[in-house]
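In: Here is my input; please provide its structure:
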Amino acid sequence: VLFSVASTPLQADITPQVSFSAKLSYNRELQPLDTVIFDTVVTNNGDGYNSENGKFTVPVTGTYFLFSTILSGYNTKVETAVIVNDKEVGRMYSGAHDAHGSGSNGVVVNLQSGDNVWIRLLYQGGTHVHGFYTTFSGFLVNERSV
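Out: Numbering: from 1, shown residues only. Just a heads-up that it's a prediction; the model follows:
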């Protein structure tokens with residue numbers, strides 16, 4: 001008895017590992033249109049997040065999920081936005097009376113390699129952003145060609 005085995009090379013569909021998460025380690029007073037700089041990096045797979053300027057530079061073209069939580073100071077309100085290349089793609093409102101306020105938002109966006117993403121302070125009535133509870137995260141959902 002003679003057996004024949006045909007071999008075919010397998011091609012793995014591997015999506016690059018791109019994810020980041022950073023947090024603010026201290027309370028900050030910001031000015032309108034300032035970038036919120038999340039100074040403590042928790043995860044930075046793909047090395048896209050820069051803790052010195054607060055921006056995520058997209059290393060791989062694809063669809064991304066971006067998420068941020070902002071905690072305002074006691075009895076203040078803060079409005080922030082998720083910015084992609086100077087275009088607003090999401091907004092968060094944090095505010096409470098006689099308490100801290102927390103606002104979060106998540107967006108799914110198509111991004112090109114080299115795009116910049118950050119969180120910008122918008123609201124002029126409150127500029128106090130509370131550390132430790134304020135975070136910015138994102139990850140590649142799937143890679144796509146241009």
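In: going forward, measure contacts and count neighbours with C-alpha atoms only.
Out: Noted.
In: Correct me if wrong: residue 71 contacts residue 129.
Out: Yes: using Cα atoms under 8 Å, residue 71 is in contact with residue 129, at 6.0 Å.
In: Have a look at these two and say which one is more surrounded.
Out: Remark: of residue 71 and residue 129, residue 129 carries more neighbours, 28 against 25, as counted by other Cα atoms under 10 Å.
In: ok, the more buried one - contacts?
Out: When contacts are counted by Cα atoms under 8 Å, 6 or more residues apart in numbering, residue 129 touches 27-30, 70-73, 78.
In: taking those one by one, which sit in strands?
Out: Per DSSP state E, strands hold the following members of those: 28-29, 70-71, 78.
In: from these, which would you call buried?
Out: Among those, those buried by neighbour count (16 or more other Cα atoms under 10 Å) are 28, 70-71, 78.
In: mind putting these in JSON lines, distance to residue 138 and pLDDT included?
Out: Listed next are those as JSON lines, based on distance: Cα to Cα, whole Å; pLDDT from 0 to 100:
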{"residue": "28", "distance to residue 138": "22", "pLDDT": "87"}
{"residue": "70", "distance to residue 138": "15", "pLDDT": "93"}
{"residue": "71", "distance to residue 138": "18", "pLDDT": "92"}
{"residue": "78", "distance to residue 138": "22", "pLDDT": "90"}
